[in-house]
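Novice: return a 3D structure for these sequence lines:
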Amino acid sequence: METLRVAGENPQPRFGHTVTYVGQGKAVLFGGAMGDTGKYEIISETYILDCARLVWTKATATGTIPKQRAAHAATAVDSLQMVVFGGATGGGGLANDDLYMFDLREGETNARWLTVPVVGSTPGKRYGHSLTFAKPYLVLFGGNTGNEPVNDSWILNVERSPYQWTKLQPSSELPAVRVYHAAAHCSSGAASGMVVVFGGRTADSSALADTWGLRRHRDGRWDWVRAPYKQGDAAILGRYQHQTLFIGPIMIVLGGRTNNMADVLTIDVYNTETSEWTSFPSIDRFRHAAWALESMVYVHGGFEPNVPNVPVDTLKRVDLTRLFQSNQRLSRIIPASTPAEIPTDRPTRESSEIKEVERQGTQKTIRLANQALVATTYGPADDITVKRVAITKLPEEGKKLGLGFQSGSGGGNEEALAMFEMFVLPLLRLRDCRPPATFPAKRDDVAMLARLVTRVFEAEAAVVRLRAPLQIFGRIPGQLTDLLRFFAEFGAPTEVFGEGDLDSFDYLFLGNLVDRGMHSLEVVCLLLALKLRFPDQMHIIRGAHEDIRINRLGGLAEECSLKLGEDILDPNSAFSALNRAFEAMPIAATIDDRVFASCAGIGQTSFTLADLDTLRKPITLVADPQTKLQKVANEIISTGECDSEEQLSNFLKVNKLQMVVRGNNPVQEGIDEEFRGALVSVYGATNDGGKKGNNAAFLTLRKTFKTSGDMNSKALVPPPGAGPQNWMEERRSSGEPDRKVSTQKKKR
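Specialist: Next up, the predicted model:
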């Protein structure tokens, strides 16, 4: 560990303060206590550290500055923003229970403090608690209310207004009450998505050495899970007034104290992949502040055990690559876990907003985080499934599961599970990706699937708001072989066989699932069953062929007639039920407030996202639209053609977007960019029309994407020697005339 030489307005020695890394090379120090030997003064100063130049600047912020406090909690919520809650004010007093935000987005000279407007109950006054950010939730745990230590948990969703704290009521075993513990959010490895708590001082003043993870289920429930320790690791010393940080899947515990000042507290590292602890030389600090930047850990202020009453002002740095060089397992993790920095010369975009309503009635807009939250899936009964997933099979974002904190997979009710087993499993088990000889279900099964998934679509808006990481597929018009090859070669949206990547990515299909190909029923039932089973991760928007006027003639109707033996004009037919599901589908999506995605892109009619938000489902497409909204809906689903860069630029500017992705435009390589990446076409079917010989592709948008240049794509080439994949090609090769489905009602 090296002591750094700093310049500028160096903060005076202090303890009980916070230093929060807020991105773009900036760390923000707030509050704490100064003085020595019991003569301490609690303060409300704010300092900003330029981590590259090691220069401190005392902030001259405007707005509602929090009053003096120490033993408070702070966390970053987005680039150049952080929030502060609670703390002690000295003399037995506690800070108020307001939530404060520090905003640096306008530069250091225009920094400001704001009070976030919160309604309803709050966690109340407390100190020695923890506050972390697990997108989109602020998570507060434990601390001391002034009378006793507690173990309650509170969350605040920064994307839902009005903003209010909610007290969690987990049904699981709870951690013991504690104060002066440490907590951090893990975004990689076995504890992915969890808020992880270590140590603290409990009610009898003893130091704790346990580790707990707080996780959110997809049905909205939260619970605690105790981290397993390997035999022999029970010797890890309990501690309090320490700090914890996550670098990839490893938790680093820095400093702290026990009730015996002679105890030497090492740097202890917990690997969530192996459940192992590893110890390294001590940093000899407690009541300090710490943060991580790439592979470097910084430690500021606090007390040193040999002089426990006089705080220090030194800034020290630990190079983890050097610290771990003797441990191959840990040293391999550090380079892969280095976080990408936000470029300082590029403005960031945020999606979520908090509006502070001040007493004078004016409003100020505070934009909060826009990073995709890593979620964990669970089984029907929330049983824990133990599994190991290789690091090499996971994306670099590290949204993976492993042995440490073990999580299950899947979700949904019995009907969704039954549909999944009927329509998904038989197709994913096909080793050669060749379609089955017979359709695996009956008419009533298809109709039931359509009715169930219609309810899911009805609950969604006309435009769904999504977040990266995400995989985007263009049209797959009944070409089952292409779809199965995508899943077999690049990962399927399931974890059934341990080969899927649903815990790493959401999926978005841009419509045109049916017609043309010979297996429209198989394709649409497979994707609808996945949507039913994983409604929050599988997203499907409507395309031109999800229209009864089109699919009555394009192939779906004929398949329903031949494979299900039904009269498509029967209002109770599977064909009718599928089209009712189509009419309930969303017609577009936005991704991280940067990307607009639809089947056909945008058309000639100008519109805003606010216009689309007024659409009510079911949406019926008409041949001769009479209103602007009808025309816009037709264009983005079916007929949209954007050949003008000026028109596209105006659409993006008005809606504060960066690009449009469309899925119905055949392109030779499966993906194509126009207008310097502002318009991206992705196509999911090989050999379009049986004669073009084109590739198929899908797009991957990772959490860190900024522009089309940050997108990745994976392509399929037409399978060699493959037979016809669509009705028209099959008929040409066989000389068979086109078949037509009767649209006349049968005489009874």
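Novice: quick one: secondary structure of residue 451?
Specialist: Here residue 451 is recorded as helix under DSSP: H, G, I helix; E, B strand; the rest coil.
Novice: need the contact list for the residue nearest to it when sequence neighbours are not counted.
Specialist: Closest residue to residue 451 apart from its sequence neighbours, by C-beta to C-beta, 6 or more residues apart in numbering: residue 577 at 5.8 Å. Any C-beta I mention is one placed from the backbone N, CA and C, and that applies to glycine too. Contact partners of residue 577, counting by C-beta atoms under 8 Å, 6 or more residues apart in numbering, are 446, 447, 450, 451, 454.
Novice: ok, and for the helix or strand hosting the second one, which residues are buried?
Specialist: Taking DSSP states H and E as the criterion, the element that holds residue 447 is helix 443-458. Taking 16 or more other C-beta atoms under 10 Å as the basis for neighbour counts, the residues of helix 443-458 that come out buried are 443, 445, 446, 447, 448, 449, 450, 452, 453, 454, 456, 457.
Novice: run through who's touching it.
Specialist: Residues from elsewhere that reach helix 443-458 (C-beta under 8 Å, 6+ apart): 415-416, 419, 422-423, 521, 525, 528-529, 531-532, 535, 560, 564-566, 572-574, 577-578, 580-581, 584-586, 617.
Novice: bridge partners for residue 198, pull those for me.
Specialist: residue 182, residue 211 (DSSP bridges).
Novice: hang on, isn't it packed against residue 181?
Specialist: Yes - Residue 198 lies in contact with residue 181 (C-beta atoms under 8 Å); the separation is 6.7 Å.
Novice: higher neighbour count, those two?
Specialist: Taking neighbours as other C-beta atoms under 10 Å, residue 198 and residue 181 compare with residue 181 leading, 31 against 27.
Novice: not counting its neighbours along the chain, what's nearest that one?
Specialist: For residue 181, the closest residue by C-beta to C-beta, 6+ apart turns out to be residue 200, at 2.9 Å.
Novice: and the end-to-end length of stretch 230-247?
Specialist: Using C-alpha to C-alpha, to the nearest Å, the end-to-end distance of stretch 230-247 comes to 21 Å.
Novice: what's the least confident helix or strand in the protein, going by average pLDDT?
Specialist: Every helix and strand in the chain was compared by mean pLDDT, DSSP states H and E; the lowest is strand 352-357, with a mean of 37.
Novice: in stretch 95-109, what counts as buried?
Specialist: By 16+ other C-beta under 10 Å, the buried positions in stretch 95-109 come out as 95, 96, 98, 99, 100, 101, 102, 103, 104, 105.
Novice: distance to residue 220 added to those, as TSV?
Specialist: Formatted as TSV, the buried residues of stretch 95-109 follow (distance: C-beta to C-beta, whole Å):
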residue	distance to residue 220
95	31
96	30
98	27
99	22
100	28
101	26
102	30
103	30
104	33
105	31
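Novice: for stretch 156-163, give the mean pLDDT please.
Specialist: For stretch 156-163, the mean per-residue pLDDT is 88.
Novice: buried set for that stretch?
Specialist: The neighbour-count check on stretch 156-163 (16+ other C-beta under 10 Å) flags 156, 158, 159, 163 as buried.
Novice: what is the nearest of those residues to residue 699?
Specialist: Compare each of the buried residues of stretch 156-163 with residue 699 using C-beta to C-beta and the shortest gap goes to residue 159, at 24.7 Å.
Novice: got the phi/psi numbers for residue 254?
Specialist: For residue 254, the backbone dihedrals (degrees, to the nearest 10) come out as phi -120, psi 120.
Novice: can you pull the contacts of it?
Specialist: By C-beta under 8 Å, 6+ apart, the residues touching residue 254 are 242, 243, 244, 245, 267, 283, 285, 288, 290, 297, 299.
Novice: tell me how many other residues surround the nearest residue to residue 61 once chain neighbours are set aside.
Specialist: Of all residues not flanking residue 61 in the chain, residue 111 sits nearest, at 4.3 Å (C-beta to C-beta, 6+ apart). Applying other C-beta under 10 Å, we find 21 residues neighbouring residue 111.
Novice: coming back round to it: and the residue nearest to residue 181, how many neighbours?
Specialist: 33.
Novice: same thing with residue 646?
Specialist: When counting by other C-beta under 10 Å, one arrives at 8 neighbours for residue 646.
Novice: what's the answer for residue 624, then?
Specialist: Residue 624 is flanked by 7 other residues according to other C-beta under 10 Å.
Novice: tell me the secondary structure at it.
Specialist: Recorded secondary structure, residue 624: coil (three-state DSSP).
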